[in-house]
Every structure is written in C-alpha cells, then in structure tokens.
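Undergrad: Give the three-dimensional model of this entry:
(chains A and B, ligands or ions: 1)
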Amino acid sequence: MRYFLIALIAIGLTACATKDNKKVEQQTWKGKGFTYYPAGYLKPSNSGRGRRGDNYIYAPNIRFPLAYAPAYINSQVYGIGGQFGPRGSLCDQRNYKYPWRDNYCEKRTRGMPLCPAGVGHQGVDIRAKDCRDNTHYAVAVEEGVITYIGSYSVKLRGTSGRTYRYLHLNSHSIQVRRGQRVWRGQKIGRVSDNMGKTKTSIHLHFDIKQTIRFGNYSKSVYVPPYTSLVDAYKRLLRGRP
Amino acid sequence: MRLLLTTLFLLSSLNADSGILDIKWPKPNLQQQKPSTPYPTVLTKGIKNTKLPIYIPSSFAYDEKMVVVADKNFYTISFLLQGATVMVSGDRTFQQSISTSNSDFQKMMKPSPTIEFMEEEGMRSANFNRHGVNYELSIECDKPKEDARCKEEDFLRKLYSKLIMVGGRP
Ligand SMILES: [Zn+2]
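TA: Numbers count the residues shown, from 1 in each chain, chains lettered A, B, ... in the order given. Next up is the predicted model:
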C-alpha cells in the first residue's frame, strides 16, 4: 500500500509539472482513437458540479457494461436533442463521438451525498455504438447474482458486494431472472428507452452502489463510476474485457 | 495545484479494504421472530442462512409471491404490486474503508440522519442503518411520473414505519 501511494504521489507530481498551467484537456489513449475528459468535468458549466480531482477507481477491474465498443459516455439531458441541450435529434451523430464526458452528479434533484451540490445524477448515461433501439446488449460487469428486476431497472450484486444498476433496458429483452447467478460478461438485456410506461431517451443508465466504512460507522452510497468505466473500456478495446 | 493536492489527499485516505461489518444484534424479540401465523416458506427458506436482522414491511409479510434473493451477508426481497415493485434489502459487507481524517467524507458520513429518503431515477428509496447494517427500502413504478407512490414520499414513509424484523440469526 505504501509503495502504491509513493508511486501515486510521484505520478501526481510529474503530471503537475507538465500540466499545471494547461487547461483541462481531453486525455488521449493510444487505442482505437478513444479520448475522454477527466472525471468530474461536466459540460456545459451550468449542468452541475462533478467531483473534480477524484480519480479514484471505486470499482476496480469491472467489465464494461456494454458488450461491444464503441460506446459513448456523455449527457442525455444537455447533449444534442436533450431536454436542456442544443436543438436537434438525440440520434445526432455528434452524440455518438469521443471524447467521453462524465455526467455523474449532473443536475438532478436526487439526494447524493458524494456530489458537491448534495444532489445530482446517481450514475452515468452511456450510449451504445449507435441509436438503434433494442439492439445492443448490456452485460454483467462482474460475476454475481441478479437481486432485483423492476419496471425498468435490473440490479446485479457482484461478488465484491457492490450493487450495479442497469436502467432502461427493453423489458422484453431481459435475459436474466431474480436470483439467477450470472458470470462476468453475461448478457442481461438490450439498451432501450424504457422508463416503465413512460419513455426516456435510448441509453443505458449505469450506477454503482457500495458501502463505505468510516470509523465505526458505515453508509451505502452511489460512488463515481466514470473512472472505473474508463478503465474497463480500455480493457474492452484491448480485447481483454 | 490545489486540485492535485486534493486528489492525492483523497486517494491517500481511501483504502480499498473490504470486509464484514459488526452487527449489534437487537435483544431477541420472540414475538417478532415467531409470529402466530408462520411466515410463508418462500421467506423462511430464503433467509435460512442469512446472518443479519431481516426487516420487511409488515403489510407484505404474508405475500406468497415475494421473491427472496439472499445469502450469508445480504438479502433482497421484492414484492410485486399493481403497477409497482417494492424492494427491501440489507447488506453487512463493506467495500471500502475511509480514514476519519478525510474531511471530504466527514460531512457525508455523519451518522445522522439515520434515515434518508431519496428520490432516485423515477423511483424512491429510504436508506438507513440499523444494528450496524445498511438497509434500503424502495419503490419503482410502471408510471413514475403519474403514480403517487413514486411521485410522493408518503407511501414509502408508511412502509418504512411498518418494517418488522422477521428473522435472521447471529
Ligand atoms: Zn442516468
């Protein structure tokens, strides 16, 4: 653990020396042209305040929740065609492009202790390769058991004890049942716009709930998923999901 | 630079230690543990090996169609209502330990209020800690924007006030 911290500090100081005076820039990663902005940098600025500076990977080594790349993490609400976004179609090609943009803590009324505003988006919204409905599979991010299926949500409790929530899958496409054990990468259902009998945009809302112990107290909270997903996506692109 | 230091501090006080939480078991309440009418088999069988206090809303205690997913350290029980699903879960594991000197977490981790009612993505949940275990009670509706049970908090509050302990063992 100590060496790990020393290494982190060393990396941090190097990064500081080279990057301190630059604006926040997208990260590039030499693989399939994948680029992404760092965790917590939401856009536009009025879309809420993210957890800038928290690059901790809360759920290490998870599999990416969509079966295949490419996939795009960006805002449904503030993106093109979104409720508060530029006019246009939700299916606009520009929504299906890198770089990724974190949207955890994006403006919502949900109570979120980990968001700077105390409220915000509980997870991230992910677009699959393209806008086709009921086509792209969401898969289990780790081995575990399906604990719950509701009107438009599926919960997977991984062997790590973390609970992953998949929202808006087409309800007829769900391939798991409550109590079923699933393996990492097993198909759960197809990405859609299901919000019960009402509709949302076609995307996967994905969040991670885990318990944090703090002294002699503990609490279950929705933790930032973005860094874990960037990590998982790189593994997917490398062909080792 | 400040951002970087914050990052480093945050990282250094996060610790990926995972484990099992200690439970302060309530004094046995035989009346709650042994109801006059036995609970459905789906419940008693499902939680047979679960080592934490099991709470469910009393109004659904005899619902034969409940779905129980449980293991040693957690349980999730769901009840299918007309147009909605109610879920209650308890979990005695933790995935992370954070130093009490971490100021970022000091504010959010304080034990009070012991119950938090939250609006979720079209759903509602009540999150609370009892006996050292973290519980969640939630409702999800087919029509989240119309159904009063999901639009307002009353329904969930009522369910919360009617939670009873139906089993679990040390
Ligand atoms: Zn979302």
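Undergrad: after the lengthiest strand in chain A comes which helix or strand?
TA: For chain A, the strand with the greatest residue count under DSSP state E is strand A:204-214. Next in sequence after strand A:204-214, counting helices and strands by DSSP states H and E, comes strand A:217-223.
Undergrad: coming back round to it: name the helices or strands packed onto the longest strand of chain A?
TA: strand A:124-127, strand A:163-167, strand A:217-223, strand B:93-94, strand B:96-98, helix B:103-109 (3 or more C-beta pairs under 8 Å, 6 or more residues apart in numbering or on different chains; DSSP states H and E). No exception for glycine: its C-beta is placed from N, CA and C like everyone else's.
Undergrad: Restricting to C-alpha, output that strand in PDB.
TA: This file holds the C-alpha atoms of strand A:204-214, laid out as PDB (Å, rounded to 0.1, in the frame of the first residue of the first chain):
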ATOM      1  CA  LEU A 204     -28.100   2.800 -20.500                       C
ATOM      2  CA  HIS A 205     -28.000   4.400 -17.100                       C
ATOM      3  CA  PHE A 206     -25.400   2.600 -15.100                       C
ATOM      4  CA  ASP A 207     -24.600   3.200 -11.400                       C
ATOM      5  CA  ILE A 208     -22.600   1.600  -8.600                       C
ATOM      6  CA  LYS A 209     -23.700   1.400  -5.000                       C
ATOM      7  CA  GLN A 210     -21.300   0.300  -2.400                       C
ATOM      8  CA  THR A 211     -20.800   0.500   1.300                       C
ATOM      9  CA  ILE A 212     -18.100   2.700   2.700                       C
ATOM     10  CA  ARG A 213     -16.900   2.300   6.300                       C
ATOM     11  CA  PHE A 214     -15.900   5.400   8.100                       C
END
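Undergrad: quick check: angle from it to strand A:217-223?
TA: Going by axes from the mean of the first three to the mean of the last three C-alpha atoms, to 10 degrees, strand A:204-214 is angled at 160 degrees with respect to strand A:217-223.
Undergrad: Any chance of CSV for the helices and strands packed on strand A:204-214, columns distance to residue A:99, mean neighbour count and mean pLDDT?
TA: Listed next are those as CSV, based on distance: least, C-beta to C-beta, whole Å; neighbours: other C-beta atoms under 10 Å in any protein chain shown; pLDDT from 0 to 100:
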stretch, distance to residue A:99, mean neighbour count, mean pLDDT
strand A:124-127, 13, 26, 98
strand A:163-167, 24, 25, 98
strand A:217-223, 22, 22, 92
strand B:93-94, 34, 22, 96
strand B:96-98, 28, 21, 91
helix B:103-109, 27, 15, 77
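Undergrad: now those in a markdown table, with distance to the ion?
TA: Below are these laid out as a markdown table (distance: least, C-beta to the ion, whole Å):
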| stretch | distance to the ion |
| --- | --- |
| strand A:124-127 | 4 |
| strand A:163-167 | 7 |
| strand A:217-223 | 11 |
| strand B:93-94 | 25 |
| strand B:96-98 | 23 |
| helix B:103-109 | 21 |
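Undergrad: just how off-centre is the longest strand of chain A within its chain?
TA: A distance of 11 Å separates the centroid of the chain from that of strand A:204-214, by C-alpha atoms, centre = their mean, to the nearest Å.
Undergrad: Where do the strands of chain B begin and end?
TA: For chain B, strands defined by DSSP E occupy the ranges B:14-15, B:19-20, B:54-57, B:67-70, B:74-81, B:84-91, B:93-94, B:96-98, B:115-119, B:124-130, B:133-141, B:163-167.
Undergrad: hmm, stretch B:137-150 in reach of chain A?
TA: Yes. Using C-beta under 8 Å from any C-beta of the partner chain, stretch B:137-150 comes into contact with chain A via B:140, B:141, B:142, B:143, B:144, B:145, B:146.
Undergrad: Quick check: nearest residue in space to the first one, chain neighbours excluded?
TA: With sequence-adjacent residues excluded and distances taken as C-beta to C-beta, 6 or more residues apart in numbering or on different chains, residue B:140 is closest to residue A:150, at 3.7 Å.
Undergrad: In this structure residue A:110 contacts residue B:116, no?
TA: No. When contacts are counted by C-beta atoms under 8 Å, residue A:110 is not listed as touching residue B:116 (11.2 Å).
Undergrad: Tell me which of those two has more neighbours.
TA: Applying other C-beta atoms under 10 Å in any protein chain shown to residue A:110 and residue B:116 shows that residue A:110 carries more neighbours, namely 18 against 15.
Undergrad: for the ion, what are the nearby residues on chain A?
TA: A:125, A:205 (C-beta under 5 Å from the ion).
Undergrad: let's see 8 Å
TA: Selection of chain A residues close to the ion by C-beta under 8 Å from the ion yields A:76, A:103, A:121, A:122, A:123, A:124, A:125, A:167, A:203, A:205, A:207.
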